[in-house]
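Colleague: Kindly generate the corresponding structure for this input.
(one chain, ligands or ions: 1)
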Amino acid sequence: MIDILTKVADTLESRKTASADSSYVASLYAKGLDKILEKVGEEAVETVLAAKNAQQDDSQRDKVIYETADLWFHSLVMLAELGLRPEDVLTELARREGLSGLEEKASRKE
Ligand SMILES: N=c1c2ncn([C@@H]3O[C@H](COP(=O)(O)OP(=O)(O)OP(=O)(O)O)[C@@H](O)[C@H]3O)c2ncn1[C@@H]1O[C@H](COP(=O)(O)O)[C@@H](O)[C@H]1O
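Modeller: Below is the predicted model:
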């Protein structure tokens with residue numbers, strides 16, 4: 001399933017030469033990084049609101065998945081705009097795997 005991140009990232013890369021009229025991603029690139037960051041922020045807020053609603057109402061759980069997909073997608077566009085890849089983030093997560101968050105935080109304070 002992680003392959004989908006690579007596949008979408010490849011599509012996002014190919015949209016760098018596409019016309020803004022034919023591609024939503026190309027239209028975001030044309031508007032620039034600030035617009036992309038605005039979308040990431042907007043989708044993050046929508047994800048938080050969906051999660052809070054799902055806490056009260058199980059029927060809202062699908063909305064959390066939908067909004068998280070929007071957030072991940074726009075984050076991938078942000079990475080692409082900056083010349084970064086989802087694999088870079090996955091490598092960082094892999095580096096952290098098994099490293100206790102509490103221990104890591106404590107080591108920063110020393
Ligand atoms: N995964 C996605 C994806 N998820 C969400 N979206 C779009 O993201 C947009 C954001 O939704 P909103 O409701 O926030 O947008 P809006 O109100 O139209 O936006 P604003 O005017 O407020 O900026 C919608 O147009 C969605 O269709 C996506 N658009 C594209 N992709 C992937 O990107 C690929 C390339 O897309 P195109 O460049 O459009 O061909 C596609 O093949 C998909 O794999």
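Colleague: what's the lengthiest helix in the chain packed up against?
Modeller: Across the chain, the longest stretch assigned as helix under DSSP state H is helix 33-56. Packing partners of helix 33-56 (3 or more C-beta pairs under 8 Å, 6 or more residues apart in numbering; DSSP states H and E): helix 24-31, helix 61-81. Yep, even glycine has a C-beta here, placed from its N, CA and C like the rest.
Colleague: could these be laid out in a markdown table, adding mean neighbour count and mean pLDDT?
Modeller: Formatted as a markdown table, these follow (neighbours: other C-beta atoms under 10 Å; pLDDT from 0 to 100):
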| stretch | mean neighbour count | mean pLDDT |
| --- | --- | --- |
| helix 24-31 | 17 | 98 |
| helix 61-81 | 17 | 98 |
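Colleague: now the ones you listed as a markdown table including distance to the ligand?
Modeller: Output for the helices and strands packed on helix 33-56, formatted as a markdown table (distance: least, C-beta to the nearest ligand atom, whole Å):
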| stretch | distance to the ligand |
| --- | --- |
| helix 24-31 | 3 |
| helix 61-81 | 4 |
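Colleague: For the protein, which residues are neighbours of the ligand?
Modeller: 8, 11, 15, 23-26, 39, 70, 73 (C-beta under 6 Å from any ligand atom).
Colleague: Low-confidence stretches in the protein?
Modeller: Low-confidence segments of the chain, defined by pLDDT under 70, are located at 110.
Colleague: So for Leu102, which of the helices and strands packed on helix 33-56 sits nearest?
Modeller: Checking these against Leu102 by C-beta to C-beta gives helix 61-81 as the closest, at 25.4 Å.
Colleague: quick one: contacts of the closest one?
Modeller: 5, 8-9, 12-13, 16, 25, 28-29, 33, 36-37, 39-40, 43-44, 46-47, 49-51, 53-54, 85-86, 88-89 (C-beta atoms under 8 Å, 6 or more residues apart in numbering).
Colleague: in stretch 95-110, what's buried?
Modeller: By neighbour count on 16 or more other C-beta atoms under 10 Å, the buried set for stretch 95-110 is empty.
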